[in-house]
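**Student:** Next input, structure requested:
(2 chains)
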Number of protein chains: 2
Amino acid sequence: MEVRSLEKAASILRSFTAKAPEWGVRDLAAHLSLARATTHAYLSSLAAAGFLRRTSKGRYRLSWNLAELGAELTASLPWFTPARTALADLALATNSLGFLCVLEDARVVCINRALGDPDAPPDALQTDFVLPANATIAGKILYAHADLPPPTFVKFTPSTITTLDEWQGELARVRQQGFAHAVEEWISGYCALGVPLVHDGDVVAAIGVQLPTSRFLSRERSLLARVRRAAEQAVRSRPRPTS
Amino acid sequence: MEVRSLEKAASILRSFTAKAPEWGVRDLAAHLSLARATTHAYLSSLAAAGFLRRTSKGRYRLSWNLAELGAELTASLPWFTPARTALADLALATNSLGFLCVLEDARVVCINRALGDPDAPPDALQTDFVLPANATIAGKILYAHADLPPPTFVKFTPSTITTLDEWQGELARVRQQGFAHAVEEWISGYCALGVPLVHDGDVVAAIGVQLPTSRFLSRERSLLARVRRAAEQAVRSRPRPTS
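**Tutor:** The predicted structure is shown next:
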């Protein structure tokens, strides 16, 4: 199994979105700057393997098998779909990068991102979703509401939290204020702000936005209001219990 | 891009379910009767390409990229998730094969299936979801509520509808009764029963069950009640509008 082939297959699948759900060989080859023969070979292989399906017009769409795989993944997270919708709205409304993170084996895993600029190129499939707990607001929020030993204090910028004292003080603040923010603690030139996502009384995720420092500092208060609204929207719009 | 490799990759992905969300190399090799080295090579390639991710314990889980692909696919179908849940309940309650079908370019496409016997082996990824309209209850239901020319009358069994007169009579009956049934019209030894799934006043899908004739004939009335309940459940449990 060649990794490069699989990666190309993944980038092809990623071209199929809600806005562009159907592709023909010619259009997709142009879109991805691939040779038409290569594109054709990948599309037919992906269809034969059940990742894509051919329409009656000889074009291609994502196979419903992928919806099934996605559903298996989110089956235990009833809040995922509404949170994803709220995140997309949030990113668009604030023109920023929205993110949704959960804790998994004491690691902060980013499970969804949303790009606020509708004209920006879509991100490629990511292979690593683990974020540094000590340098991200998702880390602060999720650790503040879990009973865990402190994370590893890797230094990313001059502002990164690197001592236990700072860390514990910050978590106490996050618990008290109900939100977390970070000014260039992970990536120079970027700030972030987020709140816990609460489902049935438990903090299940962190939802927030990241944006350039220049656009962050003057807008922090209005951003916080908007992020809080997204967290409430995600909870309010969850499906009612069935029967 | 080798089709066989992609198919193996697909069957590996399909092993990751809500009930078995995490696999190590050794367990998965045993589960799929594959060599351990082969399994290892596929798992690392799938992780490198972003289909799977490695946990901190060196095991594997589906990547959230797949949830995103699935979400792109179902983004325009707000009724999909509740319908999928209702279908799973229906199949289990009736010990049958449940199915959810939609119309696409005048073709009947099965977009989800559920196996009512929890101990049955999971189905492999399917490469062809198009069903014959004239021989299936999904075809009858979806054609009955659409404005389409008649389908091709391929004969599968002695009971298959093969004339325009029969077909038009059957569609009128389906519209009047609000359900469709079929006794060995597609596959000898199997019967099916289903109802329309209505969302915001439109017939968006057909939901139903297929089971052996021996278990069907005596239970048709109770099956119909159960299938109707599933259709109502799917509609009742859809998320409330957001803001």
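
**Student:** Pull the contacting residues for the residue of chain A found nearest chain B.
**Tutor:** Here the residue of chain A nearest chain B is A:Gly70; by C-beta to the nearest C-beta that distance is 2.1 Å. C-beta: built from backbone N, CA, C; applies to glycine. By C-beta atoms under 8 Å, 6 or more residues apart in numbering or on different chains, the contact list for A:Gly70 reads B:Leu66, B:Ala67, B:Glu68, B:Leu69, B:Gly70, B:Ala71, B:Leu73, B:Thr74.

**Student:** Output the longest helix belonging to chain A.
**Tutor:** Scanning chain A for the longest helix, with DSSP state H as the assignment, gives helix A:220-236.

**Student:** Provide the contact partners of that one at residue level.
**Tutor:** A:79, A:82-83, A:85-87, A:89-90, A:93-94, A:98, A:179, A:181, A:193-199, A:207-209, A:216, B:240, B:242-243.

**Student:** Report the backbone C-alpha coordinates of that helix in CSV.
**Tutor:** The C-alpha trace of helix A:220-236 is given here as CSV (Å, rounded to 0.1, in the frame of the first residue of the first chain):
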residue,chain,number,x,y,z
GLU,A,220,-12.1,40.5,22.2
ARG,A,221,-15.3,41.3,23.9
SER,A,222,-17.5,40.9,20.9
LEU,A,223,-15.7,37.7,19.9
LEU,A,224,-16.4,36.2,23.3
ALA,A,225,-20.1,37.0,23.0
ARG,A,226,-20.2,35.3,19.6
VAL,A,227,-18.2,32.2,20.7
ARG,A,228,-20.6,31.9,23.7
ARG,A,229,-23.5,32.1,21.4
ALA,A,230,-22.1,29.3,19.3
ALA,A,231,-21.7,27.1,22.3
GLU,A,232,-25.3,27.7,23.3
GLN,A,233,-26.5,27.1,19.7
ALA,A,234,-24.7,23.8,19.6
VAL,A,235,-26.5,22.7,22.8
ARG,A,236,-29.9,24.2,22.0
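
**Student:** before we move on, the earlier item: what's the helix or strand for the residue of chain A closest to chain B?
**Tutor:** A:Gly70 is part of helix A:64-74 when elements are defined by DSSP states H and E.

**Student:** show me where chain A has helices.
**Tutor:** Using DSSP H, helices in chain A cover A:3-14, A:25-32, A:36-48, A:64-74, A:80-94, A:137-144, A:164-177, A:213-216, A:220-236.

**Student:** surely A:Pro150 meets A:Asp165?
**Tutor:** No: taking contacts as C-beta atoms under 8 Å, A:Pro150 lies outside contact range of A:Asp165: 10.5 Å.

**Student:** And for A:Thr74, nearest residue in space, chain neighbours not counted?
**Tutor:** Nearest residue to A:Thr74 in three dimensions, chain neighbours excluded: A:Phe80, at 4.3 Å (C-beta to C-beta, 6 or more residues apart in numbering or on different chains).

**Student:** excluding its backbone neighbours, what's nearest A:Thr163?
**Tutor:** The spatial neighbour of A:Thr163 that comes closest, neighbours along the chain excluded (C-beta to C-beta, 6+ apart), is A:Phe153 at 6.9 Å.

**Student:** scratch that, A:Val183 is what I was asking about
**Tutor:** Nearest one to A:Val183, counting by C-beta to C-beta, 6+ apart, is A:Cys191 at 5.0 Å.

**Student:** what do you get for A:Trp64?
**Tutor:** B:Ile111 (4.3 Å).

**Student:** What separation do you get for that neighbour and B:Gly98?
**Tutor:** 12 Å (C-beta to C-beta, to the nearest Å).

**Student:** Neighbour count for the two, which is higher?
**Tutor:** B:Gly98 (27 against 22; other C-beta atoms under 10 Å in any protein chain shown).

**Student:** Report the beta-bridge partner residues of that one.
**Tutor:** Residues in a beta bridge with B:Gly98, per DSSP bridges, are B:Ala114, B:Val209.

**Student:** Quick check, it in contact with B:Leu90.
**Tutor:** Yes: counting by C-beta under 8 Å, B:Gly98 sits close enough to B:Leu90 to count as a contact (5.0 Å).

**Student:** Quick check: neighbours shared by those two?
**Tutor:** B:Ala114, B:Ile207, B:Val209, B:Ala230.

**Student:** Domains of chain A: list them as residue ranges, please.
**Tutor:** When chain A is parsed with automatic domain parsing, its domains come out as A:3-69, A:76-236.

**Student:** could these go into TSV alongside distance to B:Thr157 and mean pLDDT?
**Tutor:** Listed next are those as TSV, based on distance: least, C-beta to C-beta, whole Å; pLDDT from 0 to 100:
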stretch	distance to B:Thr157	mean pLDDT
domain A:3-69	25	91
domain A:76-236	40	90
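
**Student:** want to try CSV for the ones you listed, with distance to B:Lys140 as columns?
**Tutor:** As requested, the domains of chain A are exported to CSV (distance: least, C-beta to C-beta, whole Å):
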stretch, distance to B:Lys140
domain A:3-69, 20
domain A:76-236, 31
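
**Student:** out of those domains, which comes closest to B:Ser45?
**Tutor:** B:Ser45 sits nearest to domain A:3-69 of all the domains of chain A, at 4.8 Å, using C-beta to C-beta.

**Student:** what's the distance between that closest one and the middle of its chain?
**Tutor:** Its chain's C-alpha centre lies 23 Å from the corresponding centre of domain A:3-69 when counted by C-alpha atoms, centre = their mean, to the nearest Å.

**Student:** Can I get the buried ones among the contacts of helix A:220-236 as something I can paste into PyMOL?
**Tutor:** Remark: buried members of the contacts of helix A:220-236, expressed as a PyMOL selection using 16 or more other C-beta atoms under 10 Å in any protein chain shown:
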select buried, chain A and resi 79+82+83+85+86+87+89+90+93+94+98+179+181+193+194+195+196+197+198+199+207+208+209+216
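
**Student:** about what we covered before: what sits closest to the residue of chain A closest to chain B if chain neighbours are left out?
**Tutor:** Using C-beta to C-beta, 6+ apart, the closest residue to A:Gly70 is B:Gly70 (2.1 Å).

**Student:** Which pLDDT does the model give that neighbour?
**Tutor:** Per-residue confidence (pLDDT) for B:Gly70: 85.

**Student:** Same check on the one 3 residues further on?
**Tutor:** At B:Leu73, the pLDDT value in this model is 84.

**Student:** what's the spacing between it and chain A?
**Tutor:** 5 Å (C-beta to the nearest C-beta, to the nearest Å).

**Student:** quick one, what contacts that residue?
**Tutor:** So, once contact is read as C-beta under 8 Å, 6+ apart, B:Leu73 ends up touching A:Phe16, A:Ala18, A:Pro21, A:Leu62, A:Trp64, A:Leu66, A:Ala67, A:Gly70.

**Student:** Okay, and the beta partners of the residue lying closest to A:Trp23 once chain neighbours are set aside?
**Tutor:** Of all residues not flanking A:Trp23 in the chain, A:Tyr60 sits nearest, at 5.5 Å (C-beta to C-beta, 6+ apart). For A:Tyr60, the beta-bridge partners are A:Trp23, A:Arg54 (DSSP bridges).

**Student:** thought A:Gln157 was touching A:Ala182?
**Tutor:** Just so we're on the same page, residue A:157 is Thr rather than Gln. No: between A:Thr157 and A:Ala182 there is no contact under C-beta under 8 Å: 9.8 Å.
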